[in-house]
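Novice: Provide a 3D model corresponding to the input given below.
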Amino acid sequence: MFFEEPTGTPVNFKSQEAGLFIQKRDYSIVKLDIPENCLCLQIGELTQIVSGGLFKAMPHAVRMPSGRSDISRTSFAVFMEPNLEVRLNAPEGISLAQVYT
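Specialist: Numbers count the residues shown, from 1 in each chain. This is a model prediction of the structure:
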């Protein structure tokens, strides 16, 4: 979410220059337009492995609006990481090649 400083008023950008961008499998970069009252989850490689590639992790970035130094961004990150000694396996019958294609 983006907010105006110092009031904290939410800012809704309808332009294509600011917001969440992802890199698709064909390497093109697209802006995600997340509807109001919706939650977007960026999954990581852990979910890709344990789902057997059903869910795909994607490179992503947030772009701030140019020329707006009065805007701040707020996000809430939760990371899931297994212990170092835990071996992640794809579901039975799924090869690692299938996970990463």
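Novice: drop to CA atoms for contacts and neighbour counts, all remaining ones
Specialist: Fine.
Novice: for E4, phi and psi?
Specialist: Per-residue torsions, E4: phi -80, psi 140 (degrees, to the nearest 10).
Novice: show me the contacts for the residue most central in space within the chain.
Specialist: The residue lying closest to the centre of the chain (CA atoms, centre = their mean) is Q42, at 3.2 Å. Shown in contact with Q42 (CA atoms under 8 Å, 6 or more residues apart in numbering): 57-58.
Novice: Check the secondary structure at it for me.
Specialist: State at Q42, reduced to three classes by DSSP: H, G, I helix; E, B strand; the rest coil: coil.
Novice: any idea of the pLDDT on it?
Specialist: pLDDT, Q42: 77.
Novice: can you count the residues close to V99?
Specialist: Residues lying near V99 (other CA atoms under 10 Å) number 19.
Novice: An error on my part: the question was meant for E36.
Specialist: Neighbours around E36, by other CA under 10 Å: 7.
Novice: Please apply the same query to L54.
Specialist: Residues near L54, counting by other CA under 10 Å: 13.
Novice: From what I see, it and E45 are in contact.
Specialist: No - using CA atoms under 8 Å, L54 is not in contact with E45; the gap is 11.4 Å.
Novice: And the helices in the chain, which stretches?
Specialist: 45-50, 96-99 (DSSP state H).
Novice: ok, and which of the ones you listed has the densest surroundings?
Specialist: Neighbour counts (mean count of other CA atoms under 10 Å) averaged over each of those peak at helix 45-50, with a mean of 18.
Novice: which helices and strands does that helix pack with?
Specialist: Under the contact definition 3 or more CA pairs under 8 Å, 6 or more residues apart in numbering; DSSP states H and E, helix 45-50 sits against helix 96-99.
Novice: Now do the helix it packs on: which elements does it pack against?
Specialist: helix 45-50.
Novice: So which residues make contact with the helix it packs on?
Specialist: 54-57, 80-81, 88-91, 96, 99.
Novice: now stretch 92-101
Specialist: Contacts for stretch 92-101 (CA under 8 Å, 6+ apart): 48-49, 51-54, 90.
Novice: Check the offset of that stretch from the chain's centre.
Specialist: 22 Å (CA atoms, centre = their mean, to the nearest Å).
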